[in-house]
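In: okay, predicted coordinates and the sequence, questions at the end:
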Amino acid sequence: MGDEVSKELFEKAKRWMPGGVSSPVRAFKAVGDHPIFVDRAEGPYLYGADGTRYVDYVGSWGPMILGHAHPEVVAAVQAAAARGSSYGAPTAQETELAERVHALFPSIQLIRFVSSGTEAVMGALRVARGFTGRDLVVKCEGNYHGGADYLLVKAGSGLATFGHPSSAGVPQAIAGTTIVQPYNDLAAIEALFEARGGEIAAIILEPVAGNMGCVPPEPGYLEGLRELTARHGVLLVFDEVMTGFRVAAGGAQERYGITPDLTCLGKIIGGGLPVGAYGGREEIMRRVAPDGPVYQAGTLSGNPLAVAAGLATLRRLDAALYERLEAAGARLQASFEASADRAGKQVTVQRVGSMLTPFFNCGPVARWDDAAKADTEAFGRWHAAMLEGGVHWPPAQYEAGFVSAAHDEEALSATEAAFEAALEAV
Ligand code: KE4
């Protein structure tokens, strides 16, 4: 790939940082290429270190729903910065953000702000364990919930057996508090709850999966989980770090009409600055310190700059925006599918709203076993060709691309042309 400046910057970065990056997926290892070092971004575009302009679908992995450097977000952060960048004390703006989140997510009666999705998930599951007095948690294969030790876990041998570490440095004793189940499989959950429901504090899932590529819940799946968890006293935790404010203003719980007990938020809530949050039923969240015995804290939680960016972003999440995002997502899916059909290539495009994934050389994906059949080599060739065509797509088959409100006719038609040409490489 042609960006010699990024190549040089990458070599230098690798001298000082593992993989030359601050988060592994950015290293482009999954597509066998080197990353684009970004100079700046505006609207739907990223500008690489060598000045090349790309239509961007990484969108910082979800947060940039309004597009990059939105004037109102920039102005809000600038104004906040002039008033001090961090106080370590409460502000009225945190209360305003809490009220805005509640208005969009009525299930979140009480909320705690943190600084990342990982922290949001850790807080939610700690309070779930503290509230129920139970130790075990359940996650789904192919779902990702950030870096907590007990969630870096892969499926055990049998369905109802404990997980095994999926990362070095995670003790089996900790991985053993997590049970991994297939996604979109109610029967497996029903059998597990019949066998061990009384030991399980919570099940956490991505209500629309984005971390094995975009995989929607099958009809009845979320409803079934709601019923099963209520019956067994297991808390239902929606990890809406990616889907929150993305698949609807009120996230997947609005789109599918399911009320979880706890919700984890991140990404869009901070408008590109570090904000995460967890919240839910008041009787659960009152257990969080200092009201209750479940301890969780953070120096930069509720940071005034991050809260200002989040408020400026959420203020613009109106019905017209979601209509535009839905139309743009549907247009890309239709054009990708038509191009692939004309080229005789097997590309399965899966989409919910403005998050979408093209799976290569495999059929529909409902769970990890299906996703694992995708042709990641073909994805890598396609990704490189898209870069050559001026499109910066998430550099891994098992991620979702994100359309922003700034993706206009020029950006979308450039994307369609690049996709058409990139199919040659598949
Ligand atoms: P962070 O700690 O990265 O803010 O959030 C973790 C997280 C939790 N839950 C879901 C559903 C998530 O998608 C994430 C983070 N998503 C990845 C990309 N799929 C972030 C990109 C990265 O790891 O660099």
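Out: That came through fine. Keep in mind that what you see is a predicted model, and the values were worked out from it rather than measured.
In: going forward, measure contacts and count neighbours with C-alpha atoms only.
Out: Fine.
In: which bits of the stretch 251-400 of the chain sit near the ligand?
Out: Those residues of the stretch 251-400 of the chain that sit near the ligand, judged by C-alpha under 6 Å from any ligand atom, are Glu399.
In: can you show me the helices along the stretch 51-200 of the chain?
Out: 71-81, 92-104, 117-132, 172-175, 186-196 (DSSP state H, counting those that start in this stretch).
In: right, so the ones you listed: which one is the most enclosed?
Out: Mean neighbours per residue, mean count of other C-alpha atoms under 10 Å, is largest over those for helix 117-132, with a mean of 24.
In: quick one: mean pLDDT for it?
Out: For helix 117-132, the mean pLDDT works out to 98.
In: before we move on, what about stretch 217-225?
Out: Mean predicted lDDT for stretch 217-225 stands at 98.
In: buried residues in that stretch?
Out: 217, 221-222, 224-225 (16 or more other C-alpha atoms under 10 Å).
In: ok, Met328 - contacts?
Out: Wrong residue type there; residue 328 is Ala, not Met. Ala328 makes contacts with 354, 403, 407, 412, as judged by C-alpha atoms under 8 Å, 6 or more residues apart in numbering.
In: turn those into a markdown table, columns for pLDDT and secondary structure.
Out: Rendered in a markdown table, the data for the contacts of Ala328 read as follows (pLDDT from 0 to 100; DSSP: H, G, I helix; E, B strand; the rest coil):
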| residue | pLDDT | secondary structure |
| --- | --- | --- |
| Ser354 | 98 | coil |
| Val403 | 98 | coil |
| His407 | 98 | coil |
| Leu412 | 98 | helix |
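In: can you get me a residue count around the closest residue to His70 other than its chain neighbours?
Out: Excluding the flanking residues, the one nearest His70 by C-alpha to C-alpha, 6 or more residues apart in numbering is Gly43, at 6.8 Å. If you count neighbours by other C-alpha atoms under 10 Å, Gly43 ends up with 22.
In: can you verify my assumption that Gly43 contacts Ala406?
Out: Yes: in this structure, Gly43 is within contact of Ala406 by C-alpha atoms under 8 Å, at 5.2 Å.
In: so what sits against both of these two?
Out: 66-67.
In: I figured Arg40 was touching Asp50, is that so?
Out: No: using C-alpha under 8 Å as the test, Arg40 is too far from Asp50 to be in contact (11.0 Å).
In: quick one, what contacts Ala374?
Out: 359-362, 397 are the contacts of Ala374 under C-alpha under 8 Å, 6+ apart.
In: could you list which of those belong to strands?
Out: With DSSP state E as the criterion, strands contain 359-360 from among these.
In: hmm, which of the contacts of Ala374 are the buried ones?
Out: Buried members of the contacts of Ala374, scored by 16+ other C-alpha under 10 Å, are 359-362, 397.
In: and of the residues you listed, the nearest to Ala89?
Out: Lowest distance from Ala89 to the buried ones among the contacts of Ala374 (C-alpha to C-alpha) belongs to Gln397, with 41.9 Å.
In: how far off centre is stretch 52-71?
Out: Distance of stretch 52-71 from the chain centroid (C-alpha atoms, centre = their mean, to the nearest Å) equals 15 Å.
In: do the same with stretch 216-228
Out: Between the centre of stretch 216-228 and the centre of its chain there are 20 Å (C-alpha atoms, centre = their mean).
In: wait, does that stretch contact the ligand?
Out: No: Stretch 216-228 lies out of reach of the ligand by C-alpha under 6 Å from any ligand atom, never closer than 13.0 Å.
In: ok, residues contacting that stretch?
Out: Against stretch 216-228 from outside (C-alpha under 8 Å, 6+ apart): 184-186, 189-190, 193, 207-209, 236, 256, 258-260, 350-352, 366.
In: inside strands: which ones of those?
Out: Counting by DSSP E, those place 236, 350-352 in strands.
In: OK, contacts around the nearest residue to Thr348 once chain neighbours are set aside?
Out: In space, and not counting its chain neighbours, Thr348 is closest to Phe359: 5.0 Å by C-alpha to C-alpha, 6+ apart. Phe359 is in contact with 213, 347-350, 371, 374-375, 379, 397, counting by C-alpha under 8 Å, 6+ apart.
In: in terms of distance to Val426, which of these ranks first?
Out: Phe379 (7.1 Å).
In: so that closest one sits in a helix?
Out: Yes: assigned with DSSP: H, G, I helix; E, B strand; the rest coil, Phe379 falls within a helix.
In: I'd say it and Val426 touch.
Out: Yes: the criterion here is C-alpha under 8 Å, and Phe379 meets it with Val426 at 7.1 Å.
In: give me the more crowded residue out of those two.
Out: Using other C-alpha under 10 Å as the criterion, Phe379 and Val426 rank with Phe379 on top: 25 against 18.
In: got a pLDDT number for that one?
Out: 97.
In: for it, what are its contacts?
Out: Phe379 neighbours (C-alpha under 8 Å, 6+ apart): 31, 359-360, 396-397, 426.
In: and it, how far from Pro364?
Out: Distance from Phe379 to Pro364, counting by C-alpha to C-alpha, to the nearest Å: 16 Å.
In: likewise for Tyr278?
Out: 32 Å.
In: so which of the buried residues of stretch 217-225 belong to strands?
Out: Those of the buried residues of stretch 217-225 lying in strands (DSSP E): none at all.
In: the ligand: which of those residues is nearest?
Out: Distance to the ligand across those (C-alpha to the nearest ligand atom) is lowest for Pro217, with 13.9 Å.
In: for the closest one, grab phi and psi.
Out: Dihedral pair for Pro217: phi -70, psi 140, per degrees, to the nearest 10.
In: likewise for the one 10 residues further on?
Out: With angles defined as degrees, to the nearest 10, Glu227 shows backbone torsions of phi -70, psi -40.
In: Glu409: how many residues sit nearby?
Out: With neighbours defined by other C-alpha under 10 Å, the count for Glu409 comes to 10.
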